[in-house]
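Asker: Sequence and predicted structure below; questions after.
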Amino acid sequence: MAKILVVEDDNQLRHNIVEQLELNNHEVRSAKNGVQALEVIQTFSPNLILCDIMMPEMDGISFIRAIKSDPYYSYIPFIFLTAKVAQQDLIQGLEEGAVDYLPKPFLHKELLLKVNNITNQQRELVVRQLQQSIADEEPDFQFAKQFTELLERHFSNAALTAEQMAEEVNMSLSAMQRTIKKNFQSNFSEMLKEYRLQKATNYLTQTDHSIQWVADRCGFSSLSYFSYCFKEAYQVPPLQFRANNQLSANNK
């Protein structure tokens, strides 16, 4: 599941996009122009912004400039939704930092594929950046090392909270979340879930323990929630993932 902000002045189109994304298990907020979107983003940190270009009060170009000028939000990728298909309009949007365009009218399947491709890449990047920051001894090496060690120590604890982790790294909760955001473009809950799922793939492919055992060992509060998160991340249920990987190993 990704967090997505939809900025579109057409009420029906905005409603349709939000509905399609929510049906695909994304968490969605919406706004009808850039002014509203700037208010929404104060309390909702999206992984992706879908934005119309021609809107009242603040159009898409002005909005992306505002976002890209703020270092706290500048990393968020944009997909522009637009009826303007002139070459210079497309170039302008890309020059401002958009990663893609969807000319109106567009197929909802095409939108969902683009959204899923971008958010899946973000999820994979979180783990790679965590590993790379340790390997390269980046400026926040000590934090990354300590944070990873604590994830390894506590990932099995289903009751683990961000407050407990902040106390362990000797930071306030807000300071820890800012440091995680700065280094990994993520937050504590997303990092913890991703780490647990990575451990789960190891247990599924390297042991014959039951799915219930894997869920419990990886800190998931219930088997159903574990199965839901796993399928959301890897597109197949845990048992099918195990069978697929065992089959691949047998074919080598």
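Answerer: Everything's here; your move.

Asker: Which strands or helices does the helix or strand where residue 182 lies pack on?
Answerer: According to DSSP states H and E, residue 182 maps onto helix 173-184. Under the contact definition 3 or more CB pairs under 8 Å, 6 or more residues apart in numbering; DSSP states H and E, helix 173-184 sits against helix 108-136, helix 141-154, helix 162-168, helix 188-206. For glycine as for every other residue, the C-beta is placed from the backbone atoms N, C-alpha and C.

Asker: Highest mean neighbour count out of these?
Answerer: Comparing these by mean neighbour count (mean count of other CB atoms under 10 Å), helix 188-206 ranks first with a mean of 18.

Asker: now the angle from that one to helix 141-154?
Answerer: Inter-element angle recorded for helix 188-206 and helix 141-154: 60 degrees (by axes from the mean of the first three to the mean of the last three CA atoms, to 10 degrees).

Asker: hmm, who's touching helix 188-206?
Answerer: The contact list for helix 188-206, computed with CB atoms under 8 Å, 6 or more residues apart in numbering, reads 123, 126-127, 130, 147, 151, 155, 160, 162, 165, 176-177, 180, 184, 186, 209, 211, 213-215, 217-220, 226, 229-230, 233-234, 238, 241-242, 245-246, 249.

Asker: Beyond that helix, next helix or strand please.
Answerer: Later in the chain than helix 188-206, the nearest helix or strand by DSSP H and E is helix 211-217.

Asker: The helix or strand following that following helix: how far from the chain's middle?
Answerer: Downstream of helix 211-217, the first helix or strand assigned by DSSP H and E is helix 223-234. A distance of 15 Å separates the centroid of the chain from that of helix 223-234, by CA atoms, centre = their mean, to the nearest Å.

Asker: Show me which residues of helix 223-234 are buried.
Answerer: 223, 226, 227, 229, 230, 232, 233, 234 (16 or more other CB atoms under 10 Å).

Asker: what's the angle from it to helix 188-206?
Answerer: Computed by the same axes, to 10 degrees, the angle separating helix 223-234 from helix 188-206 equals 90 degrees.

Asker: No further queries at this time; thank you.
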